[in-house]
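A.B. asks: heads up, no residue letters with this:
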């Protein structure tokens, strides 16, 4: 913020304008503040399942946004905002990340052709941001990030009537955004049941708050008081228990000629809430990580360790870590199914691009004719850019896109809009089994409308079940879950919890109305051995004598089993 | 000299076998091999026994077309009574039968006018066409007229089947490699249609219930049915054929849907455990599918 010196000297009149470079720093502050709190945002999960973490998704979206603009030395606010919006759009992941990118698009549109950000433009920008995001979803739901964005815009509008001080306007925006966030459970009953506020809304609050803190820091020293305030917010936001934080790792590293900055940068990459201070011969490290081994191994390669403290911040975390360690497949990884020849397609055919959450599932999609695959799923939502790249690799003019996860649908729709020279239709499949079912009637030579209709219809032929490990304790839908327990979900709703995998499986199947179905398929995850899956299936087939069972390697992370009943 | 005589092959499956004799239709048998045995269709083995054996066999059955000499013998015999023959035969895309009849017809050039016509179908669909041609011939139509009528009826016959797996289709080589590779990890029930004489996979389903729905959906697209026959692979109605029959009866009240166990030749093509329907649409219907 280029606070004019004469203005800053005479409070309450704060800065009344902002150029492109200042705005860049402001946006980066929003990103950083979200970075420091994204784990908290991740905690605000309605269902206690490992899934597309909202905080991580929004953070990755923001990171890409800032990266895009980093090298731009220009002062032109319109151009800077447009670049941020573009970066956000291409980097958007998950529904909240996609909505965030749409906020940026609306904001940038309002600023187009303007050189400097003024209070009027700020108001207009926030309003357009909110309007664009509302338009971006088919059925806007209140009690979400949309509500927070809209109320933030309203607060800006109201403030601008009695002040031109942009810090003050932003302060009121943040106050109102937090207030709206706190009210999200009143608007969305599921949040109330789960005892959380909306995660996407919370992410947006952190971004706005980060911007405000950056401005305030320039003028007043708030560094000490801020954490206290945030701590309160964090307490308000966090679930009742203190779970899901991973490990708190602290140690002192001693060595010769240590470089604090290098160590800080490295540690920062490994986790969150990083604190690295010290000198050439001793550095104190404090970091929150999922795998404490990573920072410890890194540090021991540089010197000797002392005062090591590792705190497990989540009960039953070992299981989770074991799976996670086995499953760190970045969303950008090339799918491991090159052993199948690509489906022969003419440019006039319909090509299918599908998201797959595991190696085995990728192969199933491939065999059913998907020409393009994007690796990703519950825990690693692919970005709009990654989906777009997969679309563009398929050499057909007509594309059908299967997101196969409810948290990937918006990014898929965004990618579909961005594709040029290709008509892309999104079939809003919410699970891997829905995607597989949708793919059955796929006919590459068919007419797009007819094939789309058949696939839309086919996706609802299955009931989806998912078996995973609870990431926190909660009571929902009358099901009491303790963190670390095995839980079962049916079409995304929590239905069973317990300590024994096979009994949870059985209850889940019960809720899937499996007695009325013909075929039950178990896609086993990467933490399950085939023999184990077959054994489980054998015991189930005794309960379901009239059903056929299929056991297929899914290879997905975190989800022991994905089930389909049809 | 004499009326037009109609020749067909044994894949033609008549709802009323007696009309073969009544209308003077000549049926040339194909053979099916199973393991080391070769059976002439309709002569050496009854369909129920064949289907049972085929279901038990690890080695898929194979279809063997009649040789040119088989056809030539038939044509020579008929030539004693007539010099006009229509050989209405199973789809040339599915077997050598038509080609062999064509070669045989050339041996009688100048003596007998023989038109080998590719019906672009087989089984019940072929029989429906043959029966109509034979009736036209019986009423004294010329060869040209009979051929013209048969040609115009070809595209009113539709057949769809669904089969339990892809093994047979892969074995018979009737589907391209790209199509058969599909569904090797999952149990897929492909849904097949005969289009332009070719066996084309239309859709894939996972359950019998879905397959039944698909068949009903397929039939529902016709505005006017003249005839609809259910083909299945067991001597008695099974759960799924009963289900299909029930659905069709609800969807199309007032129609009857004969249930027919299919022939060894069809089993050799699609496997011994399929279910399907053959539709003959009313050719006079206003907005019939073409």
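C.D. replies: Everything's here; your move. All figures in this text were calculated on a predicted structure; none of them were measured in a lab.
A.B. asks: Residue B:142: what's it in contact with?
C.D. replies: Residue B:142 is in contact with B:4, B:84, counting by C-beta atoms under 8 Å, 6 or more residues apart in numbering or on different chains. Every C-beta, even on glycine, is put in place using the N, C-alpha and C of the backbone.
A.B. asks: Quickly note the distance from it to chain A.
C.D. replies: Separation of residue B:142 from chain A (C-beta to the nearest C-beta, to the nearest Å) stands at 40 Å.
A.B. asks: Could I get the phi/psi values of that residue?
C.D. replies: When read as degrees, to the nearest 10, the backbone of residue B:142 gives phi -80, psi 170.
A.B. asks: pretty sure residue A:560 is touching residue A:523, no?
C.D. replies: No. Contact criterion C-beta atoms under 8 Å: residue A:560 and residue A:523 do not qualify, at 10.0 Å.
A.B. asks: Neighbour count: those two, which is higher?
C.D. replies: Under the neighbour definition other C-beta atoms under 10 Å in any protein chain shown, residue A:560 and residue A:523 were set side by side, and residue A:523 has more, 28 against 25.
A.B. asks: In the chain, where is pLDDT below threshold?
C.D. replies: No chain in the question, so chain A it is. By pLDDT under 70, the weakly predicted segments of chain A are A:1-14, A:51-52, A:218-246, A:248, A:272-279, A:286, A:311-343.
A.B. asks: should've been chain B
C.D. replies: The model of chain B has pLDDT under 70 over residues B:1-2, B:173-184, B:285-290.
A.B. asks: so where do the helices sit in it?
C.D. replies: Here chain B has its helices, by DSSP state H, at B:18-22, B:47-56, B:68-79, B:97-106, B:123-138, B:143-154, B:167-172, B:177-180, B:208-220, B:239-251, B:264-270.
A.B. asks: now these as JSON lines including distance to residue A:307 and mean neighbour count?
C.D. replies: Converted to JSON lines, the helices of chain B look like this (distance: least, C-beta to C-beta, whole Å; neighbours: other C-beta atoms under 10 Å in any protein chain shown):
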{"stretch": "helix B:18-22", "distance to residue A:307": "97", "mean neighbour count": "13"}
{"stretch": "helix B:47-56", "distance to residue A:307": "73", "mean neighbour count": "17"}
{"stretch": "helix B:68-79", "distance to residue A:307": "94", "mean neighbour count": "18"}
{"stretch": "helix B:97-106", "distance to residue A:307": "88", "mean neighbour count": "21"}
{"stretch": "helix B:123-138", "distance to residue A:307": "83", "mean neighbour count": "24"}
{"stretch": "helix B:143-154", "distance to residue A:307": "88", "mean neighbour count": "17"}
{"stretch": "helix B:167-172", "distance to residue A:307": "66", "mean neighbour count": "18"}
{"stretch": "helix B:177-180", "distance to residue A:307": "63", "mean neighbour count": "15"}
{"stretch": "helix B:208-220", "distance to residue A:307": "63", "mean neighbour count": "20"}
{"stretch": "helix B:239-251", "distance to residue A:307": "71", "mean neighbour count": "16"}
{"stretch": "helix B:264-270", "distance to residue A:307": "74", "mean neighbour count": "28"}
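A.B. asks: now those helices as TSV including distance to residue A:396?
C.D. replies: TSV is the format used below for the helices of chain B (distance: least, C-beta to C-beta, whole Å):
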stretch	distance to residue A:396
helix B:18-22	49
helix B:47-56	39
helix B:68-79	44
helix B:97-106	35
helix B:123-138	34
helix B:143-154	33
helix B:167-172	25
helix B:177-180	15
helix B:208-220	25
helix B:239-251	35
helix B:264-270	30
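A.B. asks: For residue A:117, which of the ones you listed is the nearest?
C.D. replies: The closest of the helices of chain B to residue A:117 is helix B:177-180. By C-beta to C-beta, the value is 56.0 Å.
A.B. asks: buried set for the longest helix that chain A contains?
C.D. replies: In chain A, assigned by DSSP H, the helix with the most residues is helix A:20-43. Applying a neighbour-count criterion of 16 or more other C-beta atoms under 10 Å in any protein chain shown, the buried positions in helix A:20-43 are A:20-43.
A.B. asks: Mind listing what's buried along the next helix or strand along the chain from it?
C.D. replies: Note on helix A:20-43: by DSSP states H and E, the next helix or strand toward the C-terminus is helix A:54-70. Across helix A:54-70, burial judged by 16+ other C-beta under 10 Å covers A:54-66, A:68-69.
A.B. asks: Show me what helix A:54-70 is packed up against.
C.D. replies: Applying 3 or more C-beta pairs under 8 Å, 6 or more residues apart in numbering or on different chains; DSSP states H and E, one finds that helix A:54-70 makes contact with helix A:20-43, helix A:77-91, helix A:94-111, helix A:199-219.
A.B. asks: Relative to the whole chain's centre, how far out is the first one?
C.D. replies: The chain centre lies 15 Å from the centre of helix A:20-43; the measure is C-alpha atoms, centre = their mean, to the nearest Å.
A.B. asks: How about the shortest one?
C.D. replies: For helix A:77-91, the separation from the chain centroid amounts to 19 Å (computed by C-alpha atoms, centre = their mean).
A.B. asks: relative to helix A:94-111, how tilted is it?
C.D. replies: Regarding helix A:77-91 and helix A:94-111, their directions subtend 160 degrees when assessed with axes from the mean of the first three to the mean of the last three C-alpha atoms, to 10 degrees.
A.B. asks: List the contacts of residue 32.
C.D. replies: Just going to use chain A. Contacts here follow C-beta under 8 Å, 6+ apart; on that basis residue A:32 touches residue A:210.
A.B. asks: ah, I was thinking of chain B
C.D. replies: Applying C-beta under 8 Å, 6+ apart, the residues contacting residue B:32 are B:38, B:39, B:41, B:50, B:61, B:62, B:63, B:64, B:264, B:265, B:267, B:268.
A.B. asks: Can you check which of the helices of chain B gets nearest to residue A:130?
C.D. replies: Taking C-beta to C-beta as the measure, those were each checked against residue A:130, and helix B:208-220 came out nearest at 43.8 Å.
A.B. asks: how about the closest one, does it reach chain A?
C.D. replies: Yes. Part of helix B:208-220 sits near chain A under the criterion C-beta under 8 Å from any C-beta of the partner chain, namely B:208, B:209, B:210.
A.B. asks: So which bits of the stretch 351-500 of chain A are right by chain B?
C.D. replies: A:360, A:363-364, A:367-369, A:436-437, A:440-441, A:443, A:454, A:461.
A.B. asks: Helices - which of those land there?
C.D. replies: A:360, A:363, A:364, A:367, A:436, A:437, A:454.
A.B. asks: among those residues, who's most crowded?
C.D. replies: The residue in those with the most neighbours, by other C-beta under 10 Å, is residue A:436 (32 neighbours).
A.B. asks: that older thread, from the buried residues of helix A:54-70, pick the one nearest chain B.
C.D. replies: Here the nearest of those to chain B, counting by C-beta to the nearest C-beta, is residue A:57; it sits at 30.3 Å.
A.B. asks: ok, now how distant is that closest one from residue A:92?
C.D. replies: With distances taken as C-beta to C-beta, to the nearest Å, residue A:57 is found 8 Å from residue A:92.
A.B. asks: just residue B:201 next, same as before
C.D. replies: 38 Å.
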